[in-house]
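Q: requesting a structural model of the entry that follows:
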Amino acid sequence: HENFGLPLQMEEVPAAPNEGISLSALRSQFSVNGEEGPKYGFDGSRYHYGDGTSVASQNSSQILTGYDTLDVGPNYDFYANTNALGRVRRSRPSLFQLHSNIEDSCPPPLYEETNTGRAPGDSSEDDVEEPQSEPTRFGWVKGVMIRCMLNIWGVILYLRLPWITAQAGIGLTWVIILLSSCITGITGLSTSAIATNGRVKGGGTYFLISRSLGPELGGSIGLIFAFANAVAVAMHTVGFAETVQALMQESGASIVDPINDIRIIGVITVTCLLAISLAGMEWEAKAQVLFFIVILVSFANYIVGTIIPATPQKQAKGFFSYQADIFAENFVPNWRGPEGNFFGMFSIFFPSATGILAGANISGDLKDPTVAIPRGTLMAIFWTTLSYLIIAATIGACLVRDASGIMNDTLAMSSADSCQGLACQYGWDFTDCITNRTCTYGLSNQYQSMSLVSGFAPLITAGIFGATLSSALACLVSAPKVFQCLCKDNLYPVIGFFGKGNGKNDEPIRGYVLAYIIAVCFVLIAELNTIAPIISNFFLCSYALINFSCFHASITNSPGWRPSFRFYSKWMSLLGAVVSVIIMFLLTWWAALIAIGIVIFLLGYVLYKRPSVNWGSSVQAGSYNMALSYCVSLNQVDDHIKNYRPQCLVLTGPPSCRPALVDFVGTFTKNLSLMICGNVGGPSPATLDTASSNSHVTWLNKRQIKSFYHGVVANDLRTGVKMLLQVGLGRIRPNVLLTGFKRDWRKDKPSCIDNYIGILHDAFDLQYGVCVLRMREGLDVFRQAQTHGEEPNNQEDFMLFYNVPLFIIPQPQPSTVFQSQQGKKTIDVYWLFDDGGLTLLLPYLLTRKKRWARCKVRVFVGGDIQRKEEQRKEVMDLISKFRLGFHDVEVLPDINARPQPEHVRRFEDLIGPYRINTAQKDGHVTAEQLNQDCPWMVSDEEIETNKPKTLRQIRLNEVLQDYSRDAAIIFVTMPVGRRGQCPSALYMAWLETLSRDLRPPVLLVRGNQENVLTFYCQ
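A: All right, here's what the predicted structure looks like:
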């Protein structure tokens, strides 16, 4: 090795040859999509690719271990999903490369290779891409904290907080502020936990919720949250326009009228903000820093103004600096107007606390979202909450609720006794305006109270401009960023048009334009108090789902839930979610119902469409936990006849090859019991991939069949079915084997007949019920794509053609008779032998389905002509006790009559090729040896011993031809051949004779001789 100066080579010891199947030798030379893989070679010591590069790593492994080995040490590239800028991502060696015998000439399968012909750990200078220019990225202060604080310090702070203080009083205003901060604080903790549980990409709130709870809830909340942010642009812009219009009114200027002036100014403002957004995130960030500085200066100006002694002009407007009496008076509520209640004030204030997700919404533009989002968000909540509490207390301590603003309203000695209001103590008489409710100044009457209190009013105006414009700009950026991520996920139709990004920052230009249009529409409302409650419910809905996401991810105990932010509680998250929902209804119940209705509608749409995304959500983890818990709990309860369900193992091979068999079993097991489609793959290059292919499950899901799929690899068919017969989890395991009838048994090798019948015997040995479905047109509808020019050797009629180098191509979705309405036909049940009731239970389950509900069930039993009516009544009473709803019972007294001679001769011709002839009898081979070597051969003694059963099957077929020619389906009790006394060829001839020449589908049924029906209630 170059690090030690000597080219060391690792000597591999050839593995001992394995007995049975070598799975590595069965790996396909082709990928699952049929593309040819890279060329491989072996030079005697190691694998190499066609271009000469080695499969083994030549650097990192020796540095770590001191040996030249194929294994490589831990590396970041092995776990990353994306390439680092400027270099090729490395790849660890596959399990095939580590595990397989190096002397084997079989190349690794393509699906195990992630480096497409490059050595793990190696990279070529020719493949290194030129580093692209790094997009603009922000830290936690500039990217999250300042952005969140600016979004929280919105229009409500300057224009509504003093008015809310006048209505609710300082005490309840603090409660409103703290309650809002508790909700946002808990949400901030939940957001921090989710954001630190893995790398966060662009999409903000939508990304966090969708990757935690899945696309169903994530998609719906993504649309709502993006819309709420677009509406919030209008809210903050209207606040800005109100301020500008008030200044114009003070100077006597006007465009049209007050309302239309607000609309005109608002539209112009939103247009300017759109231009800043389109200039790029870098310019938008610079504008936000400027706004932040302006707001801090306005705060300082306000605090200084509260300390400066009041001038007579300010006193006439109700400002008297800090006074204990004013603080005490304003500490209690004084509700006025239709909105004068706690939740009315809360609904107006709460949107000012909803900016906590402004930083998370641009997660794709942060340097390290997992650090920036928790730190910046929580710091922003703390500082803004503190500022709200200080402003509410200070302005409530120095400004009275009502004042006239008239300099002549000083207190006269003659009117001292009749003076009303707290201002009387400070030499001012506002009694007239208080009595007439015409006061234009004071906390309760003037939205611009902070300008009055401040040391220099224009700085407060500048602060209002900074707060409103910064909040509007943040929302205008957040809405398209969230919406863009949602569009790229393709969860909803049409909106994909808005997912296109431009420039190095992938700016959603189309999303900006859409948000601009929505904002302009709501700006035209021009009423701040109307817009604020609308978005409160949308934000609360988002907060509820964020908190629930954190709670759900924690409660599922998924190993993948490992947030680096530990200062959260799942129960606090649940409390935050519940409180958010409660507050939604307490604010405006009709808006809450609309928001929840929209979420449910969008949720239902995604559930219906089932997008092909897999994000490892907590819903998946919860489903696993629930399923595991229920499976374990079943072990604590013994089986009971009342709870018996036919749990079917269906030998379909690839399910798409036998859709009729799949449809029939799926009809009576859907939403009722277990169904497993079994497939056996044998020693051929393609069957290993075919047996484990996900395309089969996809085909079943598309056909809306609720079934599992299980494929196994075995040396022979019977061994593979034995494996399938033993699958299961606790009490969730099959108890009925269902297979198709082997139509080509006379053309096939006798050993295949023996395997087929042996499978039925194996099922009986394991206490399975057995069903065999036969259809006149057969069950197979498949296409075979041959490779290498090889011809198929063998075609099994009821399983995968193991030993055939074919790719089984799933069929589109062929229709079958079991998918159509059956009308008023009959379901004929020949309950000839008591097998525990399975022969009756299956047709009953079939009639519970809509397609078969109109069919009439007829039950046929054998009997004596002398006691026909008596036996019919006995069977009818028994069936009525089972409460199956079968009312048509018919006794067949002639079922034991001798069959017609031509039918007997037909059976003899059928079994003739399998009988032991004279030459074999005269040979030196004993009967025992012949039976051991050729167990399908039938001797004369066995023919004679089983003659009554043979004649019964022939006669029963005649009865079926007479009575059930026009039935929708026929259920017949299947005969049982005794092992060792009934050769497989004879048993196969029985099944052939019993079900031949019948137009309806025939199901041969045999339970395991244990009760599956009961007429007891315990």
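Q: quick one: buried residues of the helix or strand residue 540 falls within?
A: Assessed by DSSP states H and E, residue 540 sits inside helix 528-555. With burial defined by 16 or more other CB atoms under 10 Å, the residues of helix 528-555 counted as buried are 528, 531-555. The way it works is simple: take the backbone N, C-alpha and C, and place the C-beta from them, glycine included.
Q: right, and the helix or strand after that helix?
A: Assigned by DSSP H and E, the successor of helix 528-555 is helix 570-587.
Q: give the next helix or strand downstream of that next one.
A: helix 589-609.
Q: specify the angle between that following helix and helix 570-587 in degrees.
A: Angle, helix 589-609 to helix 570-587, by axes from the mean of the first three to the mean of the last three CA atoms, to 10 degrees: 120 degrees.
Q: what mean pLDDT does helix 589-609 get?
A: Averaging pLDDT along helix 589-609 yields 85.
Q: picking that back up, now the helix holding residue 540 against helix 570-587, angle please.
A: 150 degrees.
Q: against which helices or strands is helix 528-555 packed?
A: Judged by 3 or more CB pairs under 8 Å, 6 or more residues apart in numbering; DSSP states H and E, the packing partners of helix 528-555 are helix 155-159, helix 161-195, helix 204-213, helix 215-250, helix 342-349, helix 570-587, helix 589-609, helix 618-634.
Q: could I get the ones you listed as CSV with distance to residue 707 and mean neighbour count?
A: Formatted as CSV, those follow (distance: least, CB to CB, whole Å; neighbours: other CB atoms under 10 Å):
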stretch, distance to residue 707, mean neighbour count
helix 155-159, 56, 26
helix 161-195, 35, 24
helix 204-213, 27, 27
helix 215-250, 23, 25
helix 342-349, 51, 21
helix 570-587, 36, 19
helix 589-609, 20, 15
helix 618-634, 16, 14
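Q: so for residue 145, which of those sits nearest?
A: With CB to CB, the closest approach to residue 145 among those belongs to helix 161-195: 11.7 Å.
Q: helices of the stretch 901-1018 of the chain, start to end?
A: 901-911, 918-922, 927-933, 940-945, 947-963, 984-995 (DSSP state H, counting those that start in this stretch).
Q: ranking those helices by burial, who's on top?
A: helix 984-995 (a mean of 24; mean count of other CB atoms under 10 Å).
Q: and residue 214, how far from residue 391?
A: 41 Å (CB to CB, to the nearest Å).
Q: same question for residue 862.
A: The spacing between residue 862 and residue 391, counted by CB to CB, is 94 Å.
Q: more neighbours: which of these two?
A: residue 391 (23 against 19; other CB atoms under 10 Å).
Q: please verify my assumption that that one contacts residue 303.
A: No - in this structure, residue 391 is not within contact of residue 303 by CB atoms under 8 Å, at 9.1 Å.
Q: pLDDT score assigned to the nearest residue to residue 192 once chain neighbours are set aside?
A: Closest residue to residue 192 apart from its sequence neighbours, by CB to CB, 6 or more residues apart in numbering: residue 374 at 3.3 Å. pLDDT for residue 374: 85.
Q: and for residue 793?
A: 40.
Q: so that it lines up with my notes, have the first residue be 833 from now on.
A: Taking 833 as the first residue, the last one we looked at is residue 1625.
Q: from what I can see residue 1310 touches residue 1061, true?
A: Yes - between residue 1310 and residue 1061 there is a contact under CB under 8 Å: 4.7 Å.
Q: joint contacts of the two?
A: Residues within reach of residue 1310 and of residue 1061 at once, by CB atoms under 8 Å, 6 or more residues apart in numbering, are residue 1193.
Q: between the two ends of stretch 1483-1500, how far is it?
A: 16 Å (CA to CA, to the nearest Å).
Q: relative to helix 1174-1181, how tilted is the helix holding residue 1372?
A: 90 degrees.
Q: quick one: mean pLDDT over helix 1360-1387.
A: The model assigns helix 1360-1387 a mean pLDDT of 80.
Q: that one vs helix 1450-1466, what angle?
A: Going by the same axes, to 10 degrees, helix 1360-1387 makes 40 degrees with helix 1450-1466.
Q: one step back: element containing the residue nearest to residue 1024, please.
A: Secondary structure assignment for residue 1206, by DSSP H and E: helix 1201-1230.
Q: name the next helix or strand downstream of that helix, please.
A: Counting by DSSP H and E, what follows helix 1201-1230 is helix 1263-1268.
Q: hey, C-alpha coordinates of the helix or strand just after that following helix in PDB?
A: Per DSSP H and E, the first helix or strand lying C-terminal to helix 1263-1268 is helix 1281-1285. C-alpha atoms of helix 1281-1285 as PDB (Å, rounded to 0.1, in the frame of the first residue of the first chain):
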ATOM      1  CA  SER A1281     -51.500  56.900  21.700                       C
ATOM      2  CA  MET A1282     -47.800  55.900  21.600                       C
ATOM      3  CA  SER A1283     -47.000  58.900  19.400                       C
ATOM      4  CA  LEU A1284     -48.600  61.200  22.000                       C
ATOM      5  CA  VAL A1285     -46.500  59.700  24.800                       C
END
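Q: distance from the chain centre to the helix or strand following helix 1281-1285, please.
A: The helix or strand immediately downstream of helix 1281-1285 is helix 1289-1320, counting by DSSP H and E. Chain-centre distance of helix 1289-1320: 33 Å, with CA atoms, centre = their mean, to the nearest Å.
Q: list the buried residues of helix 1289-1320.
A: 1291-1320.
Q: just checking, what packs against the following helix or strand past it?
A: Next along the chain after helix 1289-1320, taking DSSP H and E as the criterion, comes helix 1341-1355. With contacts taken as 3+ CB pairs under 8 Å, 6+ apart, helix 1341-1355 sits against helix 1047-1082, helix 1090-1110, helix 1289-1320.
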